[in-house]
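Colleague: Quick check, what structure comes out for this input:
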Amino acid sequence: MHPTIRLSRQLSHYESSHLSPALLNSNIKAFIQQGHFAEALKLYSVSPLSATQFTFPSLLKASTFLSNLKYGKTLHSTIIQLGLHFDPYITTSLINMYVKCGSLSSAVNVFEKMVEREGFLKDVTLWNSLLDGYLKFGQTKDGLTHFHKMLALGVLPDAYSLSILLGALGFKEGKQIHGYIVRNVCKSDPFLETSLIDVYSGCNRIMEAWSVFDHLEDKSSVVVWNVMIGGFFENGLWEWSLKLYSLMKSENVKFVSESFTSTLSACRYGDVVDFGRQVHCDLIKVGFENNPFVYTSLLSMYGKCGFVEDAENVFHQVLDKGIELWNALISTFVSNKCSYAAFEVYNKMRHNVITPDSFTVSNVLSSCSMIGIYNVGRSVHAELVKRPIESGTPVQSALLTMYCKCGSVADANSILHGMREKDVVAWGSMISGFCQNRKFREALDYFGRMDADGVRPDSDIMSSVISACTSLENVDLGCMIHGHVSKSGLDRDVYVATSLVDMYSKCGFPYMAEKAFSSMPHKNLVAWNSMMSCYCRNGLPDQSIKLFSKIVEHGFYPDSISITNVLAAVSSIAALLNGKIIHGYLVRIEIESDIQLENALMDMYIKCGFLKYADYLFRNMSEKDVVTWNCIISGYGSHGNCIRALSLFDEMKNCGIKPDEVTFLSLLSSCNHAGLVDEGHNIFQSMTVEHGIEPKMEHYVNIVDLLGRAGCLEDAYNFVKTMPMEPDRSVWLSLLCASRAHSNVELGELAAHNLLKVEPDRGSNYVQLLHLYGEAELWDKAANIRTTMKEKGLKKNPGCSWIEVRDKVDVFFSGDSSSPRTMEIYEILHSLGRNLMKKGGANEILEAFSDLEV
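Modeller: Predicted coordinates:
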């Protein structure tokens with residue numbers, strides 16, 4: 001017979017039969033001991049006045065467990081009627097009942113009436129019950145007043161009084177109580193010592209907690225070990241948790257379930273599955289293989305460490321599976337990106353008539369979010385409408401996130417408007433959703449609504465808002481947001497500050513990014529990488545390289561992103577020696593390489609002119625993507641080996657890699673450098689015909705330049721006229737340069753006219769036309785161009801070159817004399833000129849010197 005049916009029949013029998021008071025009280029206590037609180041109260045109602053003073057504390061406990069204030073007040077009335085309201089044990093139970101049922105004022109009334117009676121004033125148990133009540137209600141100030149009143153009346157606090165205070169106060173007050181304990185409590189109390197360890201651990205003062213533990217005379221209590229293991233883990237010292245567990249085994253302390261759950265949590269946090277397997281063996285040896293809490297922690301440990309199959313085995317070994325175990329398995333699949341397996345477990349759970357809770361639903365919705373399955377998420381939402389958990393904020397926030405990540409912002413918006421209480425998570429999900437769907441203005445609008453609603457943003461929201469400003473390229477609004485986070489103190493948060501660095505970097509304000517970076521009190525590797533990328537993006541590669549060396553000085557180990565960033569900086573200034581040093585460092589510290597890093601390394605060698613080694617890296621790469629092929633094709637093309645570049649293009653297609661627009665840009669550039677007109681034209685045609693890629697402006701420029709260099713000026717001009725888009729500056733400049741090279745003044749003037757119409761205020765545009773006239777000896781027209789440039793105040797930006805010598809990069813500008821070695825440079829230059837003139841190169845050297853003067 002089912003236990004519930006048997007219990008119901010037993011209760012009906014008691015109600016229908018006449019029970020003696022002794023038997024009635026005995027049966028009530030038996031029900032309560034078995035956890036059948038409602039049945040105990042129902043049996044009590046058969047004959048309320050038959051209950052004795054020894055039964056009422058148990059009945060009050062039943063009311064407390066059921067959080068039923070109405071039952072509690074009924075019991076209180078009967079207690080007064082029977083004259084038992086001054087029994088200290090019953091009074092303490094009454095105070096506890098009122099506190100836990102949410103009526104603190106009633107608890108205070110009971111306490112005050114009791115202490116007015118002679119002989120009860122110094123009952124510390126009564127004082128403790130109300131002290132606990134004040135602190136449970138968060139009324140710390142009233143609780144401390146109560147404690148000071150207790151001391152003033154000569155009531156000496158016991159270990160429980162001090163433990164209650166330690167559980168509610170901070171480090172400073174905890175230290176004072178510790179001092180009081182040292183001065184006044186002579187006898188060692190494990191309960192009190194455990195509370196001290198707990199308060200120090202909770203205040204991130206783990207060494208003080210360890211000092212208390214280490215000085216314990218008696219360490220036989222398993223509780224102090226468990227609290228210390230948990231304290232180490234919660235403070236990030238999971239290795240010490242595992243060491244303490246091993247020490248606990250050697251001390252032959254009797255384990256309880258919390259010993260295993262705390263240690264398994266430390267294994268999960270530290271990702272040390274081997275130690276977790278040892279704990280698994282230990283818990284089986286001592287008979288905890290059927291404990292649901294322990295096995296849930298065990299399953300979670302395997303899941304977090306990525307051992308999904310082991311987690312499944314643990315799940316299948318448990319016969320009586322509670323909701324927590326089902327949730328742990330679903331969470332394991334979600335965290336390991338096995339979304340379909342999570343759905344399968346969820347369906348099995350429903351088939352076994354296990355009612356999902358908010359944690360289950362949140363995980364299932366996370367699975368929908370991960371793979372963008374809108375219909376499944378929608379069906380889960382439909383099921384929730386009939387369930388009371390649907391109104392819970394965590395579930396609604398998960399729904400918001402799911403709809404946003406599936407691109408259904410309208411549905412997410414509907415959820416948000418239907419929420420009674422919109423917490424920071426809900427607003428954050430909505431704002432993040434808008435950003436993910438590139439609706440940045442809407443994200444900023446909802447940020448304003450959240451602010452008007454009085455919800456204080458957290459670091460995640462501010463990071464999303466700053467990213468929205470970055471995407472809109474609205475640096476003015478970004479600066480206002482920066483001011484907002486500075487006032488709230490969130491600018492010290494590493495994620496917010498890194499978002500600020502990224503915003504200023506992409507908007508071209510590297511020194512503002514530097515300021516945001518410097519203000520971070522605790523920088524992580526992501527922040528260092530962002531600042532390196534900022535310097536490189538904004539034309540400050542030297543600063544990026546210098547910052548790389550500081551990463552190690554600050555106790556971080558560069559990752560693949562750090563190396564990729566610094567290689568990009570090295571490539572931009574062709575500093576081969578620095579590149580080799582970084583490559584050597586990469587090999588020594590054995591950073592796990594990825595395809596982006598290998599591509600960056602190969603690109604660095606190409607840009608530094610070391611094509612042979614770049615090809616060696618290319619041939620030895622285990623995996624090649626389209627970027628890899630583009631890089632090596634471009635490398636051979638830029639080094640003048642167009643035939644090899646075209647050969648690599650054929651290899652690329654044979655390997656099944658689909659070329660992109662960058663591939664064709666590299667090929668066209670290669671043909672351009674080599675003067676292969678027909679090959680370049682055929683490649684351009686194949687873009688659309690064979691590969692379905694629409695050419696962009698850069699591709700058209702390369703064809704114009706290719707035809708122009710080959711002297712096919714009319715073909716180049718006709719090609720420009722047939723372009724499906726309006727030619728930009730680069731097209732007309734290319735045509736002008738070709739006209740100058742082939743002395744075609746008429747076409748050059750036409751190209752210059754269109755060029756100056758597109759961009760009339762750039763000095764270099766006029767310089768090309770000036771040279772065209774000068775070389776054609778059209779001095780009047782050249783003079784007019786010079787006059788126009790002077791009137792407009794236009795100058796050509798000087799050319800720049802650099803050279804790396806002995807780990808130092810020297811930069812030179814055309815006509816610049818700021819170098820400390822200028823005199824030495826010009827002396828060598830003149831010496832070279834004299835030698836050339838002796839060899840018969842007078843005309844060439846005179847031309848070189850005339851170019852130097854410009």
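
Colleague: what's the spacing between residue 447 and residue 527?
Modeller: 23 Å (CB to CB, to the nearest Å). The way it works is simple: take the backbone N, C-alpha and C, and place the C-beta from them, glycine included.

Colleague: ok, now residue 696?
Modeller: Residue 696 sits 35 Å away from residue 527, going by CB to CB.

Colleague: which of those two has more neighbours?
Modeller: Counted by other CB atoms under 10 Å, residue 696 and residue 527 do not tie: residue 527 has more neighbours, with 20 against 13.

Colleague: How about that one, nearest residue that isn't a chain neighbour?
Modeller: Sequence neighbours aside, residue 498 is the residue nearest to residue 527 in space, at 4.8 Å (criterion: CB to CB, 6 or more residues apart in numbering).

Colleague: who touches the one you found in this structure?
Modeller: When contacts are counted by CB atoms under 8 Å, 6 or more residues apart in numbering, residue 498 touches 463, 520, 526, 527, 530.

Colleague: Same check on residue 435?
Modeller: With contact set as CB under 8 Å, 6+ apart, residue 435 has these partners: 443, 464, 467, 468, 471.

Colleague: ok, the last one touching residue 436?
Modeller: No. The pair residue 471 and residue 436 does not pass the contact test of CB atoms under 8 Å, sitting 11.1 Å apart.

Colleague: for the strand or helix carrying residue 789, the distance to its chain's centre please.
Modeller: Here residue 789 sits within helix 779-792, counting by DSSP states H and E. Its chain's C-alpha centre and that of helix 779-792 lie 58 Å apart, by CA atoms, centre = their mean, to the nearest Å.

Colleague: In terms of secondary structure, what does it contact?
Modeller: helix 763-775 (3 or more CB pairs under 8 Å, 6 or more residues apart in numbering; DSSP states H and E).

Colleague: So which residues of this structure form strands?
Modeller: Using DSSP state E, the strands of the chain run over residues 800-805, 808-813.

Colleague: residues in contact with the residue positioned nearest the centre of the chain?
Modeller: Centroid check for the chain by CA atoms, centre = their mean gives residue 495 as the closest residue, at 7.8 Å. By CB under 8 Å, 6+ apart, the residues touching residue 495 are 459, 460, 463.

Colleague: any idea which of these has the most stuff around it?
Modeller: Among these, the one with the most neighbours (other CB under 10 Å) is residue 463, at 25 neighbours.

Colleague: isn't it right next to residue 496, touching?
Modeller: Yes. Using CB under 8 Å, residue 463 makes contact with residue 496 at a distance of 5.6 Å.

Colleague: shared neighbours, those two?
Modeller: Joint contacts of residue 463 and residue 496 (CB under 8 Å, 6+ apart) do not exist.

Colleague: From the contacts of residue 435, keep the buried residues only.
Modeller: Neighbour-count burial (16 or more other CB atoms under 10 Å) is assigned, among the contacts of residue 435, to 443, 464, 467, 468.

Colleague: how many neighbours does residue 247 have?
Modeller: If you count neighbours by other CB under 10 Å, residue 247 ends up with 14.

Colleague: Just the pLDDT for it.
Modeller: At residue 247, the model reports a pLDDT of 90.

Colleague: dump the residue contacts of it.
Modeller: Per CB under 8 Å, 6+ apart, neighbours of residue 247: none.
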